[in-house]
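Asks: Any chance you can model this:
(one chain, ligands or ions: 1)
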Amino acid sequence: MPHQNDFRADVEWARTQDDGDPLRGFRNEFLIPPHAGGEQTYLVGNSLGLQPRGVRQALLDELDDWARLGVEGHLHGRHPWLPYHAEVRDRLAELVGAEPIEVVAMNSLTVNLHLLLVSFYRPTPERHAILIERNAFPSDRDLVASQIRFHGYDPAEALIELDADEPGGTLSMEAIERAIAEHGKRIALVLLPGVQYLTGQAFDLATITKLAHAQGCRVGFDCAHAAGNIDLRLHDSDCDFAAWCSYKYLNSGPGAVAGAFVHARHARETLPRFEGWWGRNESTRFEMRPEFDSTPGADGWQLSNPPILALAPLRVSLDVFHRADMFRLREKSRRLTGYLEWLIESQLHDTLEILTPVEPARRGAQLSVRVRAGRDAGKSLFDHLVARGVLGDWREPDVMRIAPAPLYNTFSDCLRYAETVRAWREHDRTTA
Ligand SMILES: Cc1ncc(COP(=O)(O)O)c(C=O)c1O
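Replies: Numbers count the residues shown, from 1 in each chain. The predicted model follows:
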């Protein structure tokens, strides 16, 4: 692939890139929503990923097996339901850079984080603070504040919120390092994102973990915007736990079954946890004994038997990722997002300000932009784009997020975004 300097803002160039893209065939595996007789320019896989074509048949197969086999589907289905979560385990591990014993697909994201905090947030009078970022996703703030209260402490004192210290609202490693050094002895848990939802900033998980562990803190990451987006190496990062949802870059459908990671060093520890029979050792689970005999690894955090109709899309989606290969996807993603950035900086600099870090290692697919003319102009641009089938998303008060997903987005999509913004700017200027 040519170097970034070869970027050009014309349709033919973009089409040539798309034609030469070794991953181009994957777009056809997704259902692109229609618009005005054509297709949407769907740049919002950071919010809800598109439906893989294979999902419909996978769901129909499960419905047929249920109809055909009834309860026997647990053992004799095409994908037997009893060990169904194990069918997705290896590919999930591959996707997030983990060992199979470290991952499990279960529940939803916030539920998983709560379950993991039961084990990894063990406050004491001397050490009960939680470090998060000030711009944390509201659900993450709710999660930690309620955990702090649940343990009898006061979030006003025990919740440390890190302020952004860089121009786009992003956080420098120095700021994180300072906060951990300053408060480390009273921090029980550091909970940060893999990729920040609003700014698109990707964090250095390994360095954060090292700093926090050196102070005796536990470390977990909310990887909602990282899983399927950046090439995570959760095991090597050495963090204690992580969780993510599967409806964004993982394309597993609205409210899809989420994921959880527990580092292998905790696989055989008897950590306090909320228990349910699916966390029991598989070899004794059906002996119906009174005592809880936990299964090793992340599986031990499961409570209930897996929801097959909800897991089927994840199984299909992980198969797509396996074939595409996360490292190849990341390579394309860097270039696609680099092209979008170049288009904005070279054509639209007077209109849009990019908030996301410029360094490819500090971001994933998403660029977050702010309209220089202010919030109302930003909302007007957003509405203009949506009306023309160019989908990003809007986050109050004034941020538009655009995320070319390398599985199905193209260089032409990025160009169409830039051209539609340019048309708005011309229109706005002539009507102002
Ligand atoms: C960073 C982050 N954390 C948490 C959540 C909440 O996820 P859920 O509703 O699946 O628990 C979201 C949802 O978009 C998110 O983006």
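Asks: Quick check: end-to-end length of stretch 268-275?
Replies: Stretch 268-275 has an end-to-end distance of 15 Å (criterion: Cα to Cα, to the nearest Å).
Asks: from the middle of its chain, how far away would that stretch be?
Replies: Here the centre of stretch 268-275 is set off from its chain's centre by 26 Å, with Cα atoms, centre = their mean, to the nearest Å.
Asks: averaged over its residues, what pLDDT does that stretch have?
Replies: Averaging pLDDT along stretch 268-275 gives 92.
Asks: and what of stretch 333-342?
Replies: 97.
Asks: What lies in contact with it?
Replies: 1, 4, 7, 17, 229, 354, 358, 360, 363-367, 402, 404-406, 409-411, 414, 417-418 (Cβ atoms under 8 Å, 6 or more residues apart in numbering). Bear in mind the C-beta positions are built from the backbone N, C-alpha and C, glycine included.
Asks: Any idea how far it is from the middle of the chain?
Replies: Per Cα atoms, centre = their mean, the centroid offset for stretch 333-342 relative to its chain is 19 Å.
Asks: Likewise for stretch 38-54?
Replies: 15 Å.
Asks: Could you do stretch 34-52 as well?
Replies: 18 Å.
Asks: Wondering if that stretch reaches the ligand at all.
Replies: No - Stretch 34-52 does not reach the ligand (Cβ under 6 Å from any ligand atom); its nearest approach is 7.3 Å.
Asks: pretty sure Arg24 contacts Gln17?
Replies: No - counting by Cβ atoms under 8 Å, Gln17 is not a contact partner of Arg24; they are 9.6 Å apart.
Asks: If you count surrounding residues, which of the two has more?
Replies: Gln17 (23 against 14; other Cβ atoms under 10 Å).
Asks: Need the buried ones from the contacts of stretch 333-342 selected in ChimeraX.
Replies: This is how ChimeraX selects the buried members of these, with burial counted by 16 or more other Cβ atoms under 10 Å:
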select :7,17,229,354,360,363,364,365,366,367,402,404,405,406,409,410,411,414,417,418
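Asks: returning to what we had before: common neighbours of Arg24 and Gln17, please.
Replies: Thr410.
Asks: In helices, which of the contacts of stretch 333-342 fall?
Replies: Under the assignment DSSP state H, the contacts of stretch 333-342 contribute Gln17, Phe411, Cys414, Tyr417, Ala418 to helices.
Asks: Let's see which of the contacts of stretch 333-342 end up in strands.
Replies: Using DSSP state E, the members of those that fall in strands are Ile354, Leu367, Ile402.
Asks: Can you read off the pLDDT for Met1?
Replies: Confidence score, pLDDT, at Met1: 43.
Asks: How about the one 5 residues further on?
Replies: Here, the pLDDT recorded for Asp6 equals 91.
Asks: Just give me the neighbour total for it.
Replies: 10.
Asks: Kindly report the same for Ala9.
Replies: Neighbours of Ala9 (other Cβ under 10 Å): 16.
Asks: Surely it touches Ser346?
Replies: Yes - the criterion here is Cβ under 8 Å, and Ala9 meets it with Ser346 at 7.0 Å.
Asks: Any idea how many residues pack against Gly54?
Replies: Using other Cβ under 10 Å: Gly54 sits among 17 other residues.
Asks: Ok, Asp163 next?
Replies: 11.
Asks: ok now do the residue nearest to it when sequence neighbours are not counted, which residues does it touch?
Replies: What sits nearest to Asp163 in space, not counting adjacent residues and going by Cβ to Cβ, 6 or more residues apart in numbering, is Arg134, at 5.1 Å. Applying Cβ under 8 Å, 6+ apart, we find Arg134 in contact with Glu161, Leu162, Asp163, Ala164.
Asks: Dump those into JSON lines; add distance to the ligand as well.
Replies: JSON lines is the format used below for those (distance: Cβ to the nearest ligand atom, whole Å):
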{"residue": "Glu161", "distance to the ligand": "15"}
{"residue": "Leu162", "distance to the ligand": "15"}
{"residue": "Asp163", "distance to the ligand": "18"}
{"residue": "Ala164", "distance to the ligand": "16"}
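Asks: still on that earlier bit, of all the ones in helices among the contacts of stretch 333-342, which comes closest to the ligand?
Replies: Tyr417 (21.8 Å; Cβ to the nearest ligand atom).
Asks: Up against the ligand, what does the stretch 1-150 of the chain have?
Replies: Ser108, Leu109, Thr110, Phe137, Ser139, Asp140.
Asks: Contacts only, for the residue nearest to Glu282 when sequence neighbours are not counted.
Replies: Ranked by Cβ to Cβ, 6+ apart and with sequence neighbours excluded, the top spatial neighbour of Glu282 is Thr295, at 6.0 Å. Listed by Cβ under 8 Å, 6+ apart, the contact set of Thr295 reads Gly279, Arg280, Asn281, Glu282.
Asks: Could you single out the nearest of those residues to the ligand?
Replies: The closest of the contacts of Thr295, once distances to the ligand are taken by Cβ to the nearest ligand atom, is Gly279, at 20.0 Å.
Asks: so that closest one makes contact with Asp293?
Replies: No - if you go by Cβ under 8 Å, Gly279 and Asp293 don't touch, sitting 9.5 Å apart.
Asks: quick one, which of the two is more surrounded?
Replies: Neighbours were counted for Gly279 and for Asp293 using other Cβ under 10 Å; Gly279 has more, 23 against 13.
Asks: Run through this structure and note the low-pLDDT ranges.
Replies: 1-5, 428-432 (pLDDT under 70).
Asks: follow-up on the earlier one: please list only the buried members of the contacts of Thr295.
Replies: For the contacts of Thr295, buried by 16+ other Cβ under 10 Å: Gly279, Arg280.
Asks: Would you convert the contacts of Thr295 into TSV that also reports secondary structure and distance to Pro123?
Replies: Shown next, in TSV, are the contacts of Thr295 (DSSP: H, G, I helix; E, B strand; the rest coil; distance: Cβ to Cβ, whole Å):
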residue	secondary structure	distance to Pro123
Gly279	helix	23
Arg280	strand	28
Asn281	coil	29
Glu282	coil	33
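Asks: Any chance of the contacts of Thr295 in TSV with distance to the ligand as columns?
Replies: Converted to TSV, those look like this (distance: Cβ to the nearest ligand atom, whole Å):
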residue	distance to the ligand
Gly279	20
Arg280	25
Asn281	28
Glu282	27
